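In: need a structure here:
(chains A, B, C and D)
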4 protein chains.
Amino acid sequence: MTIATRELERVVREIADEMSARPDRGEVAGYIPELARVDRNAFGLVVVDDAGNVAAAGDCDVPFSIQSISKVFTLTLALGKAGDRLWQRVGREPSGSPFNSIVQLEYERGRPRNPFINAGAIAVTDLILSGHQPRELLGEIVRFMQFLSDDDSIGIDEAVAASEQRSGFRNAALANYMKSFGMLENPIDYTLGVYFHHCAIAMSCRQLAMAGRFLAHLGRHPTTGLSVVQPERARRINAVMLMCGHYDGSGEFAYRVGLPAKSGVGGGILAIAPGKASIAVWSPGLDANGNSYLGRVALEALTKRMGWSVFGA
Amino acid sequence: MTIATRELERVVREIADEMSARPDRGEVAGYIPELARVDRNAFGLVVVDDAGNVAAAGDCDVPFSIQSISKVFTLTLALGKAGDRLWQRVGREPSGSPFNSIVQLEYERGRPRNPFINAGAIAVTDLILSGHQPRELLGEIVRFMQFLSDDDSIGIDEAVAASEQRSGFRNAALANYMKSFGMLENPIDYTLGVYFHHCAIAMSCRQLAMAGRFLAHLGRHPTTGLSVVQPERARRINAVMLMCGHYDGSGEFAYRVGLPAKSGVGGGILAIAPGKASIAVWSPGLDANGNSYLGRVALEALTKRMGWSVFGA
Amino acid sequence: MTIATRELERVVREIADEMSARPDRGEVAGYIPELARVDRNAFGLVVVDDAGNVAAAGDCDVPFSIQSISKVFTLTLALGKAGDRLWQRVGREPSGSPFNSIVQLEYERGRPRNPFINAGAIAVTDLILSGHQPRELLGEIVRFMQFLSDDDSIGIDEAVAASEQRSGFRNAALANYMKSFGMLENPIDYTLGVYFHHCAIAMSCRQLAMAGRFLAHLGRHPTTGLSVVQPERARRINAVMLMCGHYDGSGEFAYRVGLPAKSGVGGGILAIAPGKASIAVWSPGLDANGNSYLGRVALEALTKRMGWSVFGA
Amino acid sequence: MTIATRELERVVREIADEMSARPDRGEVAGYIPELARVDRNAFGLVVVDDAGNVAAAGDCDVPFSIQSISKVFTLTLALGKAGDRLWQRVGREPSGSPFNSIVQLEYERGRPRNPFINAGAIAVTDLILSGHQPRELLGEIVRFMQFLSDDDSIGIDEAVAASEQRSGFRNAALANYMKSFGMLENPIDYTLGVYFHHCAIAMSCRQLAMAGRFLAHLGRHPTTGLSVVQPERARRINAVMLMCGHYDGSGEFAYRVGLPAKSGVGGGILAIAPGKASIAVWSPGLDANGNSYLGRVALEALTKRMGWSVFGA
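Out: As a prediction, this is how the structure comes out:
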């Protein structure tokens, strides 16, 4: 173990300790019971560096609902399948609106602003669903996550998926709205079914940090050496993550943390320090924009101490 | 001269040659005669690297109207004077709207989304004007540019400023609107006067690339070694540039170029490769979002060839 | 037959003749085949005056899809069942937006602006559905129309209803969206099922003019003398018709015609001259706001010649 | 004096008494001191019937600032000068937004939705200003009011006008914004100067009710028998008043009162019962939409007792 690795482990433990002591934790998502009952005090942090060393602290092996973080991986699959044709269906600009806003869709005639707001992620899901059965596609997504994480135990939390489906009227509104503009190809129930299920994938911080490695390393999967995506594509996914990964709090996140990252309403954040590390943090309490409150605070501390901001070190 | 420097010079010349040959150049801004009559075929590119070497090509010493690029420097001044109090007046989120939109101001009660859209830059100008006479503040801004560029010849193009003032009804609407919410402190004519004049500063690519060095080097002015801003502040200005520097084309710019940058309607772009280089490019033809069309294309080529994207090299 | 009645009959025939000769007829709604194949040259006009005299011309006995005109009658039923409680679910202000806009719903948190835009009519349908089976409620609506028109032959065009249901993604978006704010009580499929079916009621101009009599006569059903609604309620329904009955063309309609009226995308308009007459006109070609083009022109001619504008005679 | 006149006088006195006793009075406009200091308990009501009888009660001879009610008269002048050309500058649809909203102007490129929201009234003022000096036009407007009211004592409250001008940033924003789309012809200061001054005309309920007579009587000035506007134009002005006269509370006003009417932020309302009466009411307390609260309540009582609603009697 190198000195740098020991230093990283020390910083990760230090931050986890600091976060555990903080009383300000935001509000746990309450729109479905499965998320509402998650322990507000849970906190996990895992960093996988460029040498493959893993620094982990807190609840780093507790699976949580990755929710919108899954959108990074469906975007990756969609770019692989459709290439730049994807961008006819969805833009890549920040939305300037909440994650579930429908206003912009009316002004821009059913084309969502980016793949990370709900409407955009539904459009991406619809694109990769074409020509497949929902179950088949879901299997593919889960296997992709397992491959990226080197961990076959990753799966979908069916209770979460079922609960989302029961209460997902806002997403159904978005899907029907896009469909009315001819922007979705598949039956809405199929597309939403896959969407709700891939958002319900459960992963630990360790699994998530492992899964993100290819984005930190120009698209290469470190374990196998295989190219998951071309280097340019990895850079571009990182760009979309930085610009749009925290909804209408993306500017704030870039300002404070300075890393490409994607949050989920389950309280997880996947962050990428290009060339340096893949990072996953989990704290279920959310801020007003629906992003993990302590997750962001922890990442701010981490980038500052490690000098990892993309904006200058 | 090192091999790296020679390589950089070669790349810069190469790109300038490629750009000169391209027929697709966008449309020159036509809203005032002083901008409309600028040569559509002009092209300049200057890179100042971390060792202070300067690679320059094309019309690199022709002064042009820096327009909104000046907003990077007034933001820097404002953060120096007001610190984080600035953010009570203006946000730091992408706007999801055109540069001169007034819609968002109504929904967010006179607080602009970021310091780089027109409304936000007017609010920043108003903040630093308080306690000063317009002429005094303008002198300070110009001297700041001269200091950063090591070049005392930089000045304001009075014809441009006068022309902007005559036709600036949209900006007057934004200023009056913010004033109606009590978000401006000074007489509107004073604030707009300073705003129109600092946008009318004329600089060459060489001067602009020199002026941007402190942002590439953690806030330090390379010539004097003085700290212009603290390292964290330099990173944060870079973050705001990446998120908001190209209006509603910021996502596209991040996706293609991957550098913090600010464009101006005069066709200039200042881009920062943190830790590596300060870059200025100029091509007067604009794209639909009001950003230099070939300027962006040139920067895309440059970051690709030099491996300078903040999203992975 | 009185002189006044003969005069009315002459005017009605005259207008029908003029309209038949006009080449400018607007565009027939094309979003479902059942509407698209309607004869663009059809034209019917029927006036029932306060004495019960009927002046009819053109295709006055051809049934057409009344579409949104049905919303006048579901509003009447809803006010009878829920009284002023209805207004918690829906406003009574003009929308300033197209009939199927979803933007306003986001800003006003799921409460539609009035009962005549699609979202508002869906909310009204949902309100009267509570406690009933869809089929039961539909039966009640149809019997209400038959009673008002003194005509038991009125029914639903099932082909139209089925076609609407197949393509009704925009309405499904509106319904899901309101549901996400807790503004709908029943399963969306039930509410939309009833909505699509009552819009698919087929009636002739004669039947429609008969059905509207109670609104011209302070709520009284002339044939039976029964009170359909209280006089104040009849006035208020007329007020909502004038303010909101032609979507974002309501101001234009009031300006030109000056009568409370409700249009449907099938090309029908029901207009009320309070104290004087109930009027139905049908011409399938629509203007840009989705209202019958020649229908409005005919009503403008009629009110002018008869001196029936509510704004002064 | 006829029985009908005595009955009207009784109703008017009765309502004035009821209103004086009510504790709920809304909030007096506080944005300029001249309006803020008006007595919240003032109440006046005057009705001039078709025979020229005047029924008056309460503070019926106290002048108040007519504010936006003046827009009815500038619209009348503008239609006289420009005819239907006026409608190229301004629409005639309800806005679905607050009186001073700027959002719609952006979406509809500087053309206000109707002549009664602030932007629309500024556009109308600009239209009639062309070819005149501000002072000249103001003289004409005042003389028009004096002629209509048969009262040469009507004038402008210069203190109100000056105060509005000092604080009128929102209106200056609207004017500059329209000017940026080329929708205003005159210097902004001139147009706004006239606008602020005609809004500052001071009149009593008696003067105002007299001034409105031509709208109740097909455009004819009862005293002189002169035609102020053609009958069709009078009807159309009434239509615009009903649709747009109470901003985003126009639907509510039509629903409750059922008369064409225009409110002002000074607490006055001019209402027209076509063919029957011209009515002015004044109570300075406003509701959430900026319309006189008790003024509306009083008019609701009046139309109900007199059977004057245009929607059925």
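
In: low-confidence bits of the stretch 51-200 of chain A, can you list those?
Out: Within the stretch 51-200 of chain A, the ranges that satisfy pLDDT under 70 run A:99.

In: ranges for the strands of it?
Out: A:54-58, A:64-65, A:155-156 (DSSP state E, counting those that start in this stretch).

In: at the geometric centre of chain A, which residue do we find?
Out: Relative to the mean C-alpha position of chain A, the nearest C-alpha, by C-alpha atoms, centre = their mean, is the one of residue A:69, at 1.7 Å.

In: tell me the buried residues in the longest helix anywhere in chain A?
Out: In chain A, ranked by residue count with DSSP state H as the criterion, the top helix is helix A:3-21. Neighbour counts over helix A:3-21 (16 or more other C-beta atoms under 10 Å in any protein chain shown) mark A:8-9, A:11-12, A:15-16, A:19 as buried. For every residue, glycine as well, the C-beta is placed using N, CA and C.

In: closest to residue D:185 among those?
Out: Sorting the buried residues of helix A:3-21 by distance to residue D:185 puts residue A:19 at the head of the list, at 62.6 Å, by C-beta to C-beta.

In: would you confirm that that closest one contacts residue A:293?
Out: No. With contact defined as C-beta atoms under 8 Å, residue A:19 does not reach residue A:293; the gap is 10.2 Å.

In: okay, now the domains of chain A?
Out: Listed by automatic domain parsing, the domain ranges of chain A are A:3-64+A:203-306, A:68-201.

In: near chain C at all, the longest one?
Out: Translated: domain A:3-64+A:203-306. No. Using C-beta under 8 Å from any C-beta of the partner chain, domain A:3-64+A:203-306 stays clear of chain C, with a minimum separation of 9.8 Å.

In: that domain and chain B in contact?
Out: Yes. When contact is scored as C-beta under 8 Å from any C-beta, part of domain A:3-64+A:203-306 falls within range of chain B: A:215-218, A:231-232, A:234-236, A:238-240, A:242-244, A:248-252, A:254-255, A:258, A:260, A:274-275, A:304.

In: out of those residues, which are buried?
Out: In terms of neighbour count (16+ other C-beta under 10 Å), the buried residues within the residues of domain A:3-64+A:203-306 next to chain B are A:215-218, A:231-232, A:234-236, A:238-240, A:242-244, A:248-252, A:254-255, A:258, A:260, A:274, A:304.

In: using JSON lines, lay out the strands of the stretch 51-200 of chain A together with distance to residue A:131 and mean neighbour count.
Out: Putting the strands of the stretch 51-200 of chain A into JSON lines (distance: least, C-beta to C-beta, whole Å; neighbours: other C-beta atoms under 10 Å in any protein chain shown) gives the following:
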{"stretch": "strand A:54-58", "distance to residue A:131": "38", "mean neighbour count": "21"}
{"stretch": "strand A:64-65", "distance to residue A:131": "28", "mean neighbour count": "28"}
{"stretch": "strand A:155-156", "distance to residue A:131": "21", "mean neighbour count": "17"}
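
In: looking at those strands, which is closest to residue C:225?
Out: Of the strands of the stretch 51-200 of chain A, the one closest to residue C:225 (C-beta to C-beta) turns out to be strand A:64-65, at 64.3 Å.

In: ok, and what's touching that closest one?
Out: Identification of contacts with strand A:64-65 by C-beta atoms under 8 Å, 6 or more residues apart in numbering or on different chains yields A:34-35, A:38, A:42, A:157, A:160, A:199-204, A:264-268, A:282, A:284.

In: can you give me the buried ones in stretch A:148-166?
Out: Neighbour counts over stretch A:148-166 (16+ other C-beta under 10 Å) mark A:148-149, A:154, A:156-157, A:160-161, A:163-165 as buried.

In: shared neighbours, residue A:19 and residue A:293?
Out: Overlap between the neighbourhoods of residue A:19 and residue A:293 consists of residue A:283, taking contacts as C-beta under 8 Å, 6+ apart.

In: quick one: contacts for the residue in the stretch 201-313 of chain A that chain C sits nearest to?
Out: Relative to chain C, the nearest point of the stretch 201-313 of chain A is residue A:248 (13.8 Å; C-beta to the nearest C-beta). The contact partners of residue A:248, by C-beta under 8 Å, 6+ apart, come to A:95-99, A:289, B:93.

In: go with 6 Å
Out: With contacts defined as C-beta atoms under 6 Å, 6 or more residues apart in numbering or on different chains, the neighbours of residue A:248 are A:98, A:289.

In: next one: the one 10 residues further on
Out: Taking C-beta under 6 Å, 6+ apart, we find residue A:258 in contact with A:303, A:309-311, B:235, B:239.

In: repeat the analysis, applying 8 Å as the threshold.
Out: Shown here is residue A:258, whose contacts under the criterion C-beta under 8 Å, 6+ apart are A:303, A:308-311, B:235, B:239.

In: figure out how far stretch A:304-313 is from the centre of its chain.
Out: The chain centroid and the centroid of stretch A:304-313 are separated by 21 Å, computed with C-alpha atoms, centre = their mean, to the nearest Å.

In: list the buried residues in it.
Out: Within stretch A:304-313, the residues scored as buried using 16+ other C-beta under 10 Å are A:304, A:306, A:308-313.

In: closest one to chain D out of those, please.
Out: Checking the buried residues of stretch A:304-313 against chain D with C-beta to the nearest C-beta, the nearest one is residue A:311 at 32.9 Å.

In: hang on, that closest one packs against residue B:310?
Out: Yes. With contact taken as C-beta under 8 Å, residue A:311 and residue B:310 are classed as touching, separated by 7.1 Å.

In: common neighbours of these two, please.
Out: Once C-beta under 8 Å, 6+ apart is applied, the residues that residue A:311 and residue B:310 both contact turn out to be B:242, B:260, B:274.

In: in CSV, list these along with distance to residue D:136, secondary structure and pLDDT.
Out: CSV is the format used below for these (distance: C-beta to C-beta, whole Å; DSSP: H, G, I helix; E, B strand; the rest coil; pLDDT from 0 to 100):
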residue, distance to residue D:136, secondary structure, pLDDT
B:242, 56, helix, 98
B:260, 56, coil, 98
B:274, 63, coil, 98
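
In: so which of these are also by chain A?
Out: Contacts with chain A within these, counted by C-beta under 8 Å from any C-beta: B:242, B:260, B:274.

In: from these, which is closest to residue D:62?
Out: Distance ranking of those against residue D:62, using C-beta to C-beta, places residue B:242 first at 61.7 Å.

In: which ones are touching the closest one?
Out: Contacts of residue B:242 were listed using C-beta under 8 Å, 6+ apart, and they are A:242-243, A:254, A:311, B:250, B:254, B:259-261, B:310.

In: from residue B:236, how far out is it?
Out: Computed with C-beta to C-beta, to the nearest Å, the distance linking residue B:242 and residue B:236 is 11 Å.

In: do you know how far the single nearest residue of the stretch 1-150 of chain A relative to chain B is from residue A:296?
Out: Across the stretch 1-150 of chain A, no residue is closer to chain B than residue A:96, which sits at 2.4 Å (C-beta to the nearest C-beta). As defined by C-beta to C-beta, residue A:96 lies at a distance of 19 Å from residue A:296.

In: then residue A:21?
Out: Here residue A:21 is placed at a distance of 17 Å from residue A:296 (C-beta to C-beta).

In: same question, residue A:178
Out: As judged by C-beta to C-beta, residue A:178 and residue A:296 stand 30 Å apart.

In: quick one: which of those two has more around it?
Out: When neighbours are counted by other C-beta atoms under 10 Å in any protein chain shown, residue A:178 and residue A:296 differ, and residue A:178 comes out ahead with 28 against 25.

In: now the helices for chain A?
Out: A:3-21, A:33-36, A:70-82, A:103-107, A:118-129, A:134-149, A:158-167, A:169-180, A:188-199, A:205-211, A:213-216, A:231-244, A:250-256, A:293-306.

In: which residues touch the fourth one?
Out: By C-beta under 8 Å, 6+ apart, the list of residues contacting helix A:103-107 from outside reads A:95-97, A:111-113, A:119, A:174, A:177-178, B:96, C:101-103, C:106-107.
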